[in-house]
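Trainee: Kindly return the folded structure for what I paste below:
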Amino acid sequence: MLATFAALCVQAADLYQEPLRPQFHFTARQWTTAKVEPKRREEGWLNDPNGLIWLDGEWHLFAQRWARCWIHAVSRDLLHWTELEPGLWDSEAFGTGVQSGTIVLDRENVSGLSPDPARPPLLAFWSGFDNRSQCVSYSLDRGRTWTAHAKNPIFVHPERDPKVFWHGPTRRWIMILYGQDKYHFFSSTNLLDWTRHEGAVENSYECPDFFPFGDRWVLVRGDGAYSVGRFDGLRFTAETPRRRSDYGPNFYATLTWENVPASDGRRIQIAWMREGKYPGMPFSQQLTIPRELTLRDGRLFQSPVRELATLHRREHAVEPVSLSPGRTLALPGSGGLYRIQAEVDIPDGAELVFTLRGAKIRLGDSWARCMDRVAPVSGFLRRVEILVDRASIEIFAQDGEATLSACFLPEGDAMSVTAAKGSAAVRSLRVVELASTWTRRED
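Mentor: Numbering: from 1, shown residues only. This is a model prediction of the structure:
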């Protein structure tokens, strides 16, 4: 199949220029078909991000086509993506599906899967559609092609979504695997033979992500709920309650990039913006903007990756203004792609209402609301950032203490802010027009 893949690619003059195609959020393309509103498993669909890894200057992004394959894209800046041939395909052997998982770089070739130790392999861990077969595929050419391990499944354990990482203190590879409403821990020294350990994390569901921040570890569940605690290589002990990392209606299956060089040092997350609607479009679903995570007093804070500033074009500064109840201030800007940053003063009981291309974002003294979802913040809400793409809105309240991710269908181009239920003030406001990450090209 792969040998003829490129030759079959659909030639589309308007690829990435379609009216509702997000312009700085990742979406999938079609290769061999030209179909509107693709469904699960069809070209142009995507869901869970998988196998996020940095390697040799490239950010690799894999994502589900609902277990049909892992779609694959690479970027130098986390914004401009080139979609490559899908990385992994399903097979009849394990239930006709290749489900979610992760990728690691086997630096020391402990798996023995590379014939040249100077060329360490990438190993992709994934689950079969039978929800029990845990499998490995490997690549020796920077993720461009993949070979399924001859002895798959390397082990059998219900159910799916393996997250694999290196644990330095115990010098072992660790796998956290979802099964039966729990996260189970396994360890290995060669990435192929795995030992299960006691200490499963109860009441957990799908797509785990697990990573360190200093001497603490953050465990994120499929719905974005996270807790912070300690990990000794065998057992996770939570030290905080479970908190929501995003309050929006379209946020699921988060994952962070691995193997990020120490010179960068960031923990960067992306998530599936599920259940978005794109009528008449040759794609379906999108991912959030990549987000930089920081940990402060046991809470995750999120902000758009710093590379977003490279998309800045014309900037509009709005003078400070106090708005009496019902007064509306029109906001400047054109092009439909925006980064809005504001400092606000909202008394108890009052609201500021941003109307952005038909979508309403309501801000109160200690909360933000969008699509009937409310995100609370600690203390008084003072700062908010809003990203507006052609079919999505992402809100970062109080420096990213709380976020809301939402898909929407724009209605017109007008933007404004209104005081409701009392007077409120805008202390500063900046509207930045953003460039598209897609340029017209011939494939």
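Trainee: Pull up the pairing partners for whichever helix or strand L219 is part of, direction included.
Mentor: Element membership of L219, judged by DSSP states H and E, is strand 216-220. If you go by DSSP bridges, strand 216-220 pairs up with strand 209-213 (antiparallel), strand 225-231 (antiparallel).
Trainee: residue contacts, H167?
Mentor: The contact partners of H167, by CB atoms under 8 Å, 6 or more residues apart in numbering, come to W173, I174, S187, F231, G233. Where C-beta positions appear, they are placed from N, C-alpha and C, glycine not excepted.
Trainee: What score does it have for pLDDT?
Mentor: Listed pLDDT for H167 reads 98.
Trainee: From A309, how far out is it?
Mentor: 35 Å (CB to CB, to the nearest Å).
Trainee: Equivalent analysis for N259, please.
Mentor: 24 Å.
Trainee: neighbour count winner among these two?
Mentor: N259 (16 against 11; other CB atoms under 10 Å).
Trainee: Residue nearest the middle of this protein, spatially speaking?
Mentor: I270 (1.7 Å; CA atoms, centre = their mean).
Trainee: and that residue, what are its bridge partners?
Mentor: Counting by DSSP bridges, the residues bridging with I270 are L255.
Trainee: now swap in V432 and tell me
Mentor: Going by DSSP bridges, V432 forms beta bridges with E315, R339.
Trainee: List the contacts of it.
Mentor: V432 makes contact with H312, R313, R314, E315, H316, Y338, R339, I340, Q341 under the criterion CB under 8 Å, 6+ apart.
Trainee: Dump those residues to CSV, plus distance to S100 and neighbour count.
Mentor: As requested, these are exported to CSV (distance: CB to CB, whole Å; neighbours: other CB atoms under 10 Å):
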residue, distance to S100, neighbour count
H312, 34, 12
R313, 36, 10
R314, 40, 13
E315, 39, 12
H316, 41, 15
Y338, 32, 21
R339, 31, 22
I340, 33, 24
Q341, 34, 14
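Trainee: now, which of the contacts of H167 lie within strands?
Mentor: Using DSSP state E, the members of the contacts of H167 that fall within strands are W173, I174, S187, F231.
Trainee: Quick one: those as TSV, columns for neighbour count too.
Mentor: Below are these laid out as TSV (neighbours: other CB atoms under 10 Å):
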residue	neighbour count
W173	23
I174	20
S187	17
F231	23
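Trainee: which of those residues sit farthest apart?
Mentor: Using CB to CB, the ones in strands among the contacts of H167 span at most 13.9 Å, a distance reached by W173 and F231.
Trainee: Any idea how far the strand holding L219 is from the middle of the chain?
Mentor: Relative to its parent chain, strand 216-220 has a centroid offset of 17 Å by CA atoms, centre = their mean, to the nearest Å.
Trainee: Buried residues, that strand. List them.
Mentor: Residues of strand 216-220 classed as buried under the neighbour-count rule (16 or more other CB atoms under 10 Å) are W217, V218, L219, V220.
Trainee: can you check stretch 51-66 too?
Mentor: Buried residues in stretch 51-66, counted by 16+ other CB under 10 Å: 51-55, 59-66.
Trainee: looking at the strands paired with strand 216-220, which is closest to T147?
Mentor: Nearest of those to T147, taken as CB to CB: strand 209-213 at 26.1 Å.
Trainee: For the closest one, list the C-alpha coordinates in CSV.
Mentor: Extracted in CSV, the C-alpha atoms of strand 209-213 (Å, rounded to 0.1, in the frame of the first residue of the first chain):
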residue,chain,number,x,y,z
ASP,A,209,-0.4,10.8,30.2
PHE,A,210,2.2,10.8,33.0
PHE,A,211,5.2,13.0,33.3
PRO,A,212,7.5,14.7,35.9
PHE,A,213,7.8,18.3,37.0
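Trainee: can you give me the strands in the stretch 1-150 of the chain?
Mentor: 49-55, 58-64, 69-75, 81-89, 98-105, 122-128, 133-139, 147-148 (DSSP state E, counting those that start in this stretch).
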